[in-house]
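A.B. asks: How does the following fold in three dimensions:
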Amino acid sequence: MQALDPSTRTELEAAAFRRLLRHLDAHKEVQNIELMNLADFCRNCLAKWLVAEAEQRGEALDYDAARAYVYGMPYSEWKARYQQKATPEQLAAFEARQAQKQEA
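C.D. replies: As a prediction, this is how the structure comes out:
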């Protein structure tokens, strides 16, 4: 990747990000809490990262608009259609991961 010119690298990174979004969209059964437990990020994190990057560049990007982009629909609609209630095991794993992060 380092041998690529910056423009090409940026295009490839953007294309990979869009592919990640399509992949997540195709796998709505994968819950955000599962992503958080396994990878320490979720769809909401992606939206927050988009907003943060926009702010660093002096651009205004509304969090709700960023979430709609990541989810492919308004978050409230995605949540109503696809979000399942977290299991006690998922919640315990999430709390354990958060505790580990606080210790580090």
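
A.B. asks: what about stretch 57-69, how long is it end to end?
C.D. replies: Using C-alpha to C-alpha, to the nearest Å, the end-to-end distance of stretch 57-69 comes to 19 Å.

A.B. asks: For that stretch, buried residues please.
C.D. replies: 61, 66-68 (16 or more other C-beta atoms under 10 Å). For the C-beta atoms, the positions are set from N, CA and C on the backbone; glycine is no exception.

A.B. asks: among the helices and strands of the protein, which has the poorest mean pLDDT?
C.D. replies: None of the helices or strands of the chain scores lower by mean pLDDT, DSSP states H and E than helix 88-103, at a mean of 94.

A.B. asks: Can I get it in PDB? Just the C-alpha atoms.
C.D. replies: What follows is helix 88-103, C-alpha atoms only, in PDB (Å, rounded to 0.1, in the frame of the first residue of the first chain):
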ATOM      1  CA  PRO A  88     -27.500 -11.800  29.500                       C
ATOM      2  CA  GLU A  89     -24.300 -13.500  28.200                       C
ATOM      3  CA  GLN A  90     -23.700 -10.700  25.700                       C
ATOM      4  CA  LEU A  91     -24.200  -8.000  28.300                       C
ATOM      5  CA  ALA A  92     -21.800  -9.800  30.700                       C
ATOM      6  CA  ALA A  93     -19.200 -10.100  28.000                       C
ATOM      7  CA  PHE A  94     -19.600  -6.400  27.100                       C
ATOM      8  CA  GLU A  95     -19.200  -5.400  30.800                       C
ATOM      9  CA  ALA A  96     -16.200  -7.600  31.100                       C
ATOM     10  CA  ARG A  97     -14.600  -6.000  28.000                       C
ATOM     11  CA  GLN A  98     -15.300  -2.600  29.300                       C
ATOM     12  CA  ALA A  99     -13.800  -3.400  32.700                       C
ATOM     13  CA  GLN A 100     -10.600  -4.700  30.900                       C
ATOM     14  CA  LYS A 101     -10.400  -1.400  29.000                       C
ATOM     15  CA  GLN A 102     -10.600   0.500  32.300                       C
ATOM     16  CA  GLU A 103      -7.700  -1.500  33.800                       C
END
